[in-house]
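Enquirer: coordinates only, sequence not included:
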């Protein structure tokens, strides 16, 4: 009788353990998945070459955006860039250190799990960073966050040192994407 009770107990425990990790949408990672940061693999723009900015594309997915940049599953909303993936830098956005902080919202679609967001200048020396406003922290040379919903609206800021050509690298457990954008002085 004890052997039969032990088998039943083990079966119940196995069933409960299987229920701890519910099915996720395709491309979604477990919240407990670990993210091994990928090396930065950003394009280099030589002096005199044009900045190969991402093309803004019409958005019909979840969340509020007219256009987005990149091919996801995390997208900076192109509406925050002035045409052709270019941030317009205004004097009143300049910080005491000389850098510019711009609001750039992101949409996460079809992915839940860890993400690392990094930014860099790709046409010469200069500073750049990006961070989500309400989730995550600094880690591995960027901003690390655990996205708990497969569809996320992510208020964020992007900081650049001044006019130039920049890129984001967004890494998750199932993807690594690069999105190039420019920055110019506002007219």
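Expert: Everything's here; your move. Small disclaimer: the values here were computed from a predicted structure and weren't measured.

Enquirer: List the residues that contact residue 54.
Expert: By CB atoms under 8 Å, 6 or more residues apart in numbering, residue 54 lies in contact with 69-70, 85, 179-181. Yep, even glycine has a C-beta here, placed from its N, CA and C like the rest.

Enquirer: and if you look at residue 105?
Expert: Here residue 105 is in contact with 65, 76-77, 80, 153-156 (criterion: CB under 8 Å, 6+ apart).

Enquirer: same thing but at 10 Å, please
Expert: Contacts were defined as CB atoms under 10 Å, 6 or more residues apart in numbering; by that measure residue 105 touches 63-65, 68, 75-77, 79-80, 132-133, 153-157.

Enquirer: Of those, grab the buried ones for PyMOL.
Expert: Remark: buried members of the contacts of residue 105, expressed as a PyMOL selection using 16 or more other CB atoms under 10 Å:
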select buried, resi 63+65+68+75+76+77+80+132+154+156
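
Enquirer: just the contacts of residue 105 now: which is nearest residue 146?
Expert: Checking the contacts of residue 105 against residue 146 by CB to CB gives residue 132 as the nearest, at 10.6 Å.

Enquirer: could I get the contacts of residue 54 as a markdown table with pLDDT?
Expert: Below are those laid out as a markdown table (pLDDT from 0 to 100):
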| residue | pLDDT |
| --- | --- |
| 69 | 96 |
| 70 | 94 |
| 85 | 94 |
| 179 | 97 |
| 180 | 97 |
| 181 | 97 |
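
Enquirer: Make a ChimeraX selection of the buried ones in the residues you listed.
Expert: Buried residues among the contacts of residue 54 (16+ other CB under 10 Å), as a ChimeraX selection:
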select :69,70,85,179,180,181
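
Enquirer: Just the ones of the contacts of residue 54 in strands?
Expert: Here DSSP state E is the test, and the contacts of residue 54 give 179-181 as lying in strands.

Enquirer: what residue ranges in this structure score low on pLDDT?
Expert: Counting by pLDDT under 70, the ranges of the chain that qualify are 1-33, 83.

Enquirer: Would you state the strands of this structure in chain order?
Expert: According to DSSP E, the chain carries its strands in the segments 57-58, 67-68, 74-76, 86-89, 100-103, 106-109, 113-121, 128-132, 137-139, 142-147, 151-154, 156-160, 164-172, 176-185.
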